[in-house]
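A.B. asks: Coordinates for the following, if possible.
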Amino acid sequence: MEVESFEEARALSRGELLQLLASERAEQRLWAVWALALALGDGAGDFAHRILDEPDPGVRRHLAVVLAGHGEHDLLLELVVEDRSPLVRESTIALLVRIAAGTPASHRLAARMRGILEEAERGTSALRIALLGAIGKGAPHYQVQIAQRALADDSLDVQAEAFETLLRID
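C.D. replies: Numbers count the residues shown, from 1 in each chain. As a prediction, this is how the structure comes out:
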């Protein structure tokens, strides 16, 4: 079963979502998890206000996952750019890569997502590695280009991740 966006995954039945958990594409598995989490109710989206005040980066990181599942993409973009914790920025960039993979170019946030992902190429080595590690099969062309450019990175660790990314996505 193939879906190309979170919205498509969200329209699937519970049984189909469970099947989607076996997908080769990480973003499809993530979309299935989010859609299944939504079955818990809309109350989970009420966490949005907590993430900015939450002092613990581990809690902010997990709240980011819940917010991603509830379509709070504006807040995720803010976290990638401004969160004080590298842990939160790195895990949130991975979420953003997967969200961007299923976001049509016409979506109001598509250009901003792309800009932030391209800006992350100039971030820390850990941020670049997190970005590359989330790029999967079916990624938009600009994400493949990010991985190709990373082959010439100053960091050998980033180069290695870029190589592994390109192998993984063919």
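
A.B. asks: gap between Arg14 and Leu20?
C.D. replies: Distance, Arg14 to Leu20, by Cβ to Cβ, to the nearest Å: 11 Å. (Glycine included, C-beta is placed from N, CA and C.)

A.B. asks: Check Asp83 too.
C.D. replies: Taking Cβ to Cβ, one finds Asp83 at 29 Å from Leu20.

A.B. asks: Mind checking which of the two has more residues around it?
C.D. replies: Each of Asp83 and Leu20 has its neighbours counted (other Cβ atoms under 10 Å); Leu20 has more, 23 against 20.

A.B. asks: which residues does the closest residue to the more buried one other than its chain neighbours contact?
C.D. replies: Distance criterion Cβ to Cβ, 6 or more residues apart in numbering; nearest residue to Leu20, sequence neighbours excluded, is Ala32 at 3.9 Å. Counting by Cβ atoms under 8 Å, 6 or more residues apart in numbering, Ala32 touches 9, 12, 17-18, 20-21, 23.

A.B. asks: ok now do Gly136, which residues does it touch?
C.D. replies: Counted by Cβ under 8 Å, 6+ apart, Gly136 has contacts 25-27, 98, 101, 168-169.

A.B. asks: what kind of secondary structure is it in?
C.D. replies: Under DSSP: H, G, I helix; E, B strand; the rest coil, Gly136 falls in the coil class.

A.B. asks: do Leu95 as well
C.D. replies: With three-state DSSP as the criterion, Leu95 reads helix.

A.B. asks: Can you list the residue ranges for strands in the chain?
C.D. replies: In the chain, no strands are defined using DSSP state E.

A.B. asks: still on that earlier bit, just the closest of the contacts of Ala32 to His73, please.
C.D. replies: Nearest to His73 among the contacts of Ala32, counting by Cβ to Cβ, is Ala9 at 15.3 Å.

A.B. asks: I'd like to know how many residues surround the closest residue to that closest one other than its chain neighbours.
C.D. replies: Nearest residue to Ala9, sequence neighbours excluded (Cβ to Cβ, 6+ apart): Trp31, at 3.7 Å. Look at Trp31: counted by other Cβ under 10 Å, it has 30 neighbours.
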